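S.K.: Need the 3D shape of this:
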Amino acid sequence: MDHAKIWFVLWAVLWAGYFALDGFDLGVGFSGWLTAGNEEERGNVFSAIGPFWDGNEVWLITAAGATFAAFPPVYAALFSWFYPALFLILVSLILRGVSLEFRGKQQPAAWKKFWERAAAISSFSAALLFGTAFGNLFRGLEIDNCGYMDKFSGLLNPYALLTGLLFCVFFFFHGQLWLSFKVSGPPAVKAQKLAGWAWYALALLLAGFAVYSYADTGLYGNFFARRSLLALPLLLAAALISARLLLARGLPEKAFLASFAAIALFILTGFAGLYPDLLASRINPSSALTVYNSSSSPYTLKVMTAAVAVLLPLVAGCQLWAHRLFRAPLTAAELKKSGIY
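M.R.: Prediction:
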């Protein structure tokens, strides 16, 4: 059994799960203010993600931990070559969490507005930075035998910034779909309209990303060599079209599930094109960090596979239970009684 290949798939699944889950609360964090007209409505918007955002970040911790345990050289390279970028992501996520927790701790309007703005800025920066980071992974890095040879500013290339913008619009769409059935009244109506408009921007950006990827990356090579992998981008297109049709039919909850699938499929498509590279090189392909020259020992991967087979369903089950428990949106009376948001 090729445990290195299994862990590449698991690594991709963990990142796909993280972005599909945390994507909606990041989207709500920076776009929720567009749906809320007053303080009570803003409280409802924050309550819509309150029980979920910290659980969603478990997938980020798991993905980072899996990188450290399964592919140690990749983890070491990322934190030595790109420490400032990763530090900015960490600061954004910390500020986002603090903002969501602190907003309801005091009642003055100025206090709440400050933390709402902090949540918007930090959520947007986290989405943009994650997108830019993954854009660089998909594009490939200036790596040779001595390590990363470009400047930090080289990470801010047009392809990576386009990917960052794509992440932001994807999360905007995902977040507005979430609000369209998790809040009620005028905010839900606004959220449905905003999601409908965002879909067209998302489709345009995704088409631009596909063209740019063909021109400037090696992602298409695996799809030409293994035609079965074409199922991933085709399913991605089907999920996006389904999300739009379901939204138009007044089924926002089902549209959200389609958007969830689309985000996961987008990430999986990127990793499928990247394989077997983990950190591809644009200078010398032999300098790339791959599944096979960066993985832990077969015994370590075997033990990790057994652990994940037990723990991953447990984590997924806990999150499904949380979503079932908080499936109904809070009413205004419940919101005031809680005093949290």
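S.K.: buried residues in stretch 218-233?
M.R.: Neighbour counts over stretch 218-233 (16 or more other Cβ atoms under 10 Å) mark 218-219, 222-223, 229, 232-233 as buried. Glycine gets a C-beta too; all of them are placed from N, C-alpha and C.
S.K.: Can I get those residues in TSV including secondary structure?
M.R.: Output for these, formatted as TSV (DSSP: H, G, I helix; E, B strand; the rest coil):
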residue	secondary structure
218	coil
219	coil
222	helix
223	helix
229	helix
232	helix
233	helix
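S.K.: Pick the one among the residues you listed closest to residue 8.
M.R.: residue 222 (12.2 Å; Cβ to Cβ).
S.K.: Leaving out sequence neighbours, find the closest residue to that closest one.
M.R.: Spatial nearest neighbour of residue 222, excluding adjacent residues (Cβ to Cβ, 6 or more residues apart in numbering): residue 273 at 5.3 Å.
S.K.: quick one: contacts for that neighbour?
M.R.: Counting by Cβ atoms under 8 Å, 6 or more residues apart in numbering, residue 273 touches 138, 213, 217-223, 229.
S.K.: part of a helix, is it?
M.R.: Yes. Judged by three-state DSSP, residue 273 forms part of a helix.
S.K.: Next one: it relative to residue 107, how far apart?
M.R.: From residue 273 across to residue 107, the span is 50 Å (Cβ to Cβ, to the nearest Å).
S.K.: Repeat that for residue 268.
M.R.: 44 Å.
S.K.: repeat for residue 323
M.R.: Taking Cβ to Cβ, one finds residue 323 at 29 Å from residue 107.
S.K.: ok, those two, which is more surrounded?
M.R.: Applying other Cβ atoms under 10 Å to residue 323 and residue 107 shows that residue 323 carries more neighbours, namely 13 against 9.
S.K.: So which bits of the host helix or strand of that one are buried?
M.R.: Using DSSP states H and E, residue 323 sits within helix 298-325. By neighbour count on 16+ other Cβ under 10 Å, the buried set for helix 298-325 is 301, 304, 308, 312, 319.
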